[in-house]
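In: Sharing a sequence plus its predicted fold:
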Amino acid sequence: MGIGLTILDRIAVVTIDRPDKLNALTLRMYRELGDAFNELARDDAVDVVILTGAGERAFSVGADLTESIPALAANTFDISEWDEAHLKAGPFYKPVVCAINGLCLGGGFELMLATDIRVASSTASFALPEPGLGFVPAGGTLVRLVRQVGYAHAMEVMLTGDRFDVEHMARIGVINRVVPPAMLQAEALRVAERIRSNSAGAVRTIKEAALSLRHLDWPDAFAAEASLGQRTFVSEDAREGLRAFVEKRRPVFTPPAVSTDRIGST
């Protein structure tokens, strides 16, 4: 029980591993998840991350309410301590693919929103039940959801607390694709491998731009875009990519020498 981490061929798989409790996260598991992301941010042998849950019943139903809510209500625990687990504490520019198997509720939904590409089982279902319990989804949802999908769709999910099926989540743009349960992990790995085949420096720059430029006004955004673009144009990967194009072969990109990602202190 806890957070599993395996790395193979520059792809890391982070697994929320408590299937008997629908992968509900204890306070310790939240710390372990934050530590795992911190480790991966600094590990230059990793280009892409897959986040998933153990078993077929749930990706995660979020925080273990028997432990976390009493601690929060007693004011002995600050929800900001979960920032690293929810990728709120700082930049994490390596792409994260989410493989969603079964229930994706509350804090599990919030962890999903911190990822970049989402593959879901056809049996998955989604909800933010927090307002029915007297509190709010403050693990990134209040910021992220209204920026990731249309306002009315985001507000329906957040305000009603209703359960939504995977087809609805795909239709409003929360989910990228839906696959049969038996194909979930293979499809997530296929997406991760496709990303990994590209220049890691270019991929990280794309994610950096997506996260950092959207709040700037247009002149500042275009100027920052040009600066980020120039960083890649003069890179060894760009030179290799052009050589490979001329020579009609697959490029062999160089892994980044030093990671710039940091999401917080360990």
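Out: Thanks, I have it. Numbers count the residues shown, from 1 in each chain.
In: wait, isn't V14 in contact with V48?
Out: No - with contact taken as Cβ atoms under 8 Å, V14 and V48 are classed as non-touching, separated by 11.3 Å. Yep, even glycine has a C-beta here, placed from its N, CA and C like the rest.
In: Show me which of these two is the more surrounded one.
Out: A count of neighbours by other Cβ atoms under 10 Å puts V48 above the other of V14 and V48, at 27 against 24.
In: mind listing what the more buried one touches?
Out: R10, I11, A12, K94, P95, V96, V97, A192, I195, R196, V203 (Cβ atoms under 8 Å, 6 or more residues apart in numbering).
In: Need those in JSON lines (columns: pLDDT, secondary structure and neighbour count).
Out: Below are the contacts of V48 laid out as JSON lines (pLDDT from 0 to 100; DSSP: H, G, I helix; E, B strand; the rest coil; neighbours: other Cβ atoms under 10 Å):
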{"residue": "R10", "pLDDT": "96", "secondary structure": "coil", "neighbour count": "16"}
{"residue": "I11", "pLDDT": "98", "secondary structure": "strand", "neighbour count": "19"}
{"residue": "A12", "pLDDT": "98", "secondary structure": "strand", "neighbour count": "23"}
{"residue": "K94", "pLDDT": "97", "secondary structure": "coil", "neighbour count": "23"}
{"residue": "P95", "pLDDT": "98", "secondary structure": "coil", "neighbour count": "22"}
{"residue": "V96", "pLDDT": "98", "secondary structure": "strand", "neighbour count": "23"}
{"residue": "V97", "pLDDT": "98", "secondary structure": "strand", "neighbour count": "26"}
{"residue": "A192", "pLDDT": "98", "secondary structure": "helix", "neighbour count": "25"}
{"residue": "I195", "pLDDT": "98", "secondary structure": "helix", "neighbour count": "19"}
{"residue": "R196", "pLDDT": "97", "secondary structure": "helix", "neighbour count": "18"}
{"residue": "V203", "pLDDT": "97", "secondary structure": "helix", "neighbour count": "20"}
